[in-house]
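1. Take this sequence and fold it.
(2 chains)
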Amino acid sequence: MAQIFPRWANEVPQRILLGLIIFATATVAGVWYYFSPEYTDVGYAPEQPIEYSHKLHAGELDIDCQYCHTNVFDSKFANVPPTETCMNCHNQVDGSQNPEEVQKIRDSWESGESIEWVRVHNLPDYAYFNHAAHVNVGVGCESCHGRVDRMEVVRQVEPLSMSWCLDCHRNPEQNVRPVEEVTTMGYEPEKDQIEMGRELVAKHNIAPPTYCQSCHY
Amino acid sequence: MSTDYQYAPEPALVKGDHSFGSITDLIAKTPLSPTPKLWYLAFGLANILMITLLGAIGYLVWDGTGIWGLNNPAGWGWAIINFVWWVGIGHAGTLISAILFLFRQGWRTAINRFAEAMTIFAVMCAGIFPAIHVGRIWVIYWVFPIPNQMAAWPNFSSPLLWDVFAVSTYFTVSLLFWYVGLIPDFATLRDKAKSKIAKISYGIASLGWTGSFRNWWNYEKAYMILAGLATPLVLSVHTIVSFDFAVSVIPGWHSTIFPPYFVAGAIYSGFAMVLTLMLIARKIYGLEDIMNIDIMEKMNLVMMITGNLVAFAYLMEGFIAWYSGYIYEQGIFWLYVVGPYAWGFWILMFCNVVTPQFLWFKKIRRNVAITFVISIIVNIGMWFERFMISVASLSTDFMPSAWDYYSPTFWDIITYIGTFGLFFTFFLLFLRFLPMVAIAEVKGVMPQADPHNYDEETNEFDIEKTKPVVVQQEQTV
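-> Model (predicted):
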C-alpha cells in the first residue's frame, strides 16, 4: 500500500507543538506589554491650540498650580483656566519669545471665544474620580501628573490604570505628603517617607476604599 | 437442601452473526459512503436553527440582557435553566465512558462513542448560556485569573467561578477522552477510505497510528488514565453546578441535598438523551445488532435508579421543609405545590416521579416505542426541575411585596430552541463523518475476542478453536 504522507510528516506534530508554545508565549508577552495603558496611554501629549509652556510658567516663573487650576481643593474637577486668567498678566506681558502665541490669547479675549484646550488626562466615564478628595489629604499634583514644571507640552506620565490607582489606595503612606506641600514640584520629604506617610495617614484618617463601588457606580 | 445452580452465561452483547470484519464494515460504512439526501435535509434544518441562535445572541450582545424576561426578584431565568439542563445532559457521556469502563461494563462499548459525542456537544450548548448571560461578553475573560492592569481578580469564594473551572475542565477531559478513543478507529477509516481527501483527513486525525503493539499499549494506558481523571469529574461538575444554588441563602436553594440530587438528575437526563438519539440513529443506520434491546434495557435500569433518586430528593425537600421548622423553607415548598408556578411543579412530578415508575416493568424496559416516549418525557421533566429551582424560588423570595411573576420573552425561547440547532449541527456532522460506535472497543466484548482454545469436554487443546483469532488480525493492515 502506498504511503499517504511523505516522510517529513513524522516531524509535523513536534513542530506544531513547538510553534504553539512560541505563539502562546509571544501572545501572552505581547498582550502583557502592548495592551497595557503603560504602553498605550503614557506619553500622550496632544497638540494644544496655543503653544503654552508649563516649563516656563510653572517652572521658571514658579507660578503655583492653583493660580490657574483654582478649583482643585474644592471640586471633583480640576479646572482649566479661562482666558481671563491668562489675561491677568498678558494684558501687560507680550511674551517676547512667542508674541504670536500670546496674540491668540488676546484674540480670544477680544472675540469672547474660549480657547479649546485638549484634555490630557482622561479617565473612563465609568470611573468616578474626585480631585478634592485626593489633594485635601495630601496627594501631591506631581504624584499623578509628574514634573509638569519641566514639561514644554503636558504629557501623561502615569498609566492611570486601575491597578495603578489601587497601588496607592492599598499603600497610601508611600505617596502622601503634608497638605501644604501638595503643589510643590520635586518635593523631598524631610524624614523617611514611610514614617511620615504613616503619621499623615493617621492624622487625616486616610482609609482609601478598594471595593468596586467606591469608584464604579 | 440442595439446589442445582446452572451457569447461565451473559447474553451476547453484540447480536447477530457478526465477525470482526463485518462489525468494521457495518460501522465504517456510514463515514465512507456518499452523503444521503435526508442528511442534507436534517443538516439544513439544524443550520437554520443554529443561525437563529447566532442571531439571538447577536441581538443580546447589541441590546443587553433586558431582552430576556428577567425581572427584579427573578434575576436568573432561562439562561441558567438551559445551562444546567444541557450540562446535565452532558453527564451521561463521561459516566458511560469513564465509570462504566473502570467497572468493566462491556455493554458500554455499544454507546460510549455516541454518548461522548453527545456530551461534548451538550456541554458546548451549555457553555453558551453562562457566557452570554454576563451581558458584557467582551469582558468575559475577567472570569479567568489573568493578571491585568485593572488589578481585578476573580472572586475565588464564588461558586459561579468554580463553575467556570468545573465545566471547562469537564469539557477538556471529555474531548480528550473522546479523541483518544477515536484514534484507532480513525486509522481503520484511513485504511478503508478510497478517496484521497478522506485518506488524508483520517490519516491526520489518526496521528500516525499503525496498530503496533506499542501503539496499543500506549493507547490502553492513556485511556485508563483519562478514565481515572474523568471519573471524579462526573461527580464534581454537577456538584459544583448545584453549588451555584446551594451556597446562596435563598429558601429552596440553600440545601445540602443539592449535590447528590443534581448528579443523579444529570445522569438521569443524560441517559434519557442518549436513548432518544440512539433509538433514532440505530434505526436509520441499521445498528440494531450493536445498540440492541439488551443495551436499551440496561440504560433504562440506570434511568429507573437515578429517576427514583431524584424523586426521593423531591420527597426529602418536602420532609426537610417540615422538619426544619423554618417558615421560609416551608413557605417556598408550599409555593411550589400550590403557588404561581404550581403548574410547573405538577408537570415535574408527572415527568420525574411518575414516569420512572413505569421502568419497573421488564416489558416496558424492552419496548422501544415506550422507551422513546419516556426518554423524551424525562428530559421535559428535567427541564421543569431546573425551571422550578431557578424561577419559582427566586420570584417568591423572602419579601412578598417584592414578588413578581416571571415569564420568558420571545428571545428567551428562540435562544433555547437555537441551541438545538447548534447541538444537531455538530451531532449530524459526527454521525456523518465519524464512526458512531467504538469499532475497536466493541470488538473487545465479542466472543471472538475471548477465545477458548480448549475443548470443554476433554480439556484438550483444540487447534480448530484458534481459528477465529485469525479474523482478529484482519483489522490491522
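
2. wait, doesn't residue A:196 sit right on residue A:189?
-> Yes - if you go by Cβ atoms under 8 Å, residue A:196 and residue A:189 touch, sitting 5.3 Å apart. Backbone N, C-alpha and C define where each C-beta goes, glycine included.

3. List the residues that are in contact with both of those two.
-> residue A:177 (Cβ atoms under 8 Å, 6 or more residues apart in numbering or on different chains).

4. neighbour count winner among the two?
-> residue A:196 (17 against 14; other Cβ atoms under 10 Å in any protein chain shown).

5. Now do the contacts for the more buried one.
-> Residue A:196 neighbours (Cβ under 8 Å, 6+ apart): A:177, A:189, A:190.

6. interface residues of the stretch 51-200 of chain B facing chain A?
-> Residues of the stretch 51-200 of chain B found near chain A (Cβ under 8 Å from any Cβ of the partner chain) are B:147, B:148, B:149, B:150, B:151, B:152, B:190, B:191, B:199, B:200.

7. want to try JSON lines for these, with pLDDT and secondary structure as columns?
-> Converted to JSON lines, these look like this (pLDDT from 0 to 100; DSSP: H, G, I helix; E, B strand; the rest coil):
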{"residue": "B:147", "pLDDT": "81", "secondary structure": "coil"}
{"residue": "B:148", "pLDDT": "80", "secondary structure": "coil"}
{"residue": "B:149", "pLDDT": "80", "secondary structure": "coil"}
{"residue": "B:150", "pLDDT": "82", "secondary structure": "coil"}
{"residue": "B:151", "pLDDT": "82", "secondary structure": "coil"}
{"residue": "B:152", "pLDDT": "82", "secondary structure": "coil"}
{"residue": "B:190", "pLDDT": "92", "secondary structure": "helix"}
{"residue": "B:191", "pLDDT": "90", "secondary structure": "helix"}
{"residue": "B:199", "pLDDT": "91", "secondary structure": "helix"}
{"residue": "B:200", "pLDDT": "92", "secondary structure": "helix"}
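
8. Could you identify the most distant pair in those residues?
-> Spatial extent of those (Cβ to Cβ) is set by the pair B:151 and B:191 at 55.8 Å.

9. Looking at the two, which one has more neighbours?
-> Taking other Cβ under 10 Å, residue B:151 and residue B:191 do not tie; residue B:191 has more neighbours (20 against 16).

10. I'd like the next helix or strand past the helix ranked longest in chain A.
-> Longest helix of chain A, by residue count under DSSP state H: helix A:12-34. Counting by DSSP states H and E, the element after helix A:12-34 in chain order, helix or strand, is helix A:37-40.

11. Would you mind listing the outside residues contacting that following helix?
-> Residues outside helix A:37-40 that contact it (Cβ under 8 Å, 6+ apart) are A:33, A:34, A:159, A:160, A:161, A:164, B:149.

12. any idea how far the helix or strand following that helix is from the chain center?
-> Note on helix A:37-40: by DSSP H and E, the next helix or strand toward the C-terminus is helix A:54. How far helix A:54 lies from its chain's middle: 15 Å, per Cα atoms, centre = their mean, to the nearest Å.

13. same check, this time on stretch B:145-155
-> The answer for stretch B:145-155 is 34 Å, by Cα atoms, centre = their mean.

14. which of the residues in that stretch are buried?
-> Applying a neighbour-count criterion of 16 or more other Cβ atoms under 10 Å in any protein chain shown, one finds B:148, B:149, B:151, B:152 buried in stretch B:145-155.

15. who's in contact with that stretch?
-> A:32, A:36-38, A:159, A:161-164, A:166-167, B:142-144, B:161.

16. wait, isn't residue B:397 in contact with residue B:404?
-> No - between residue B:397 and residue B:404 there is no contact under Cβ under 8 Å: 10.0 Å.

17. More neighbours: which of these two?
-> residue B:397 (19 against 13).

18. For the nearest residue to the more buried one once chain neighbours are set aside, grab phi and psi.
-> Using Cβ to Cβ, 6 or more residues apart in numbering or on different chains and skipping the chain neighbours, the partner closest in space to residue B:397 is residue B:73 (5.5 Å). Per-residue torsions, residue B:73: phi -70, psi -40 (degrees, to the nearest 10).
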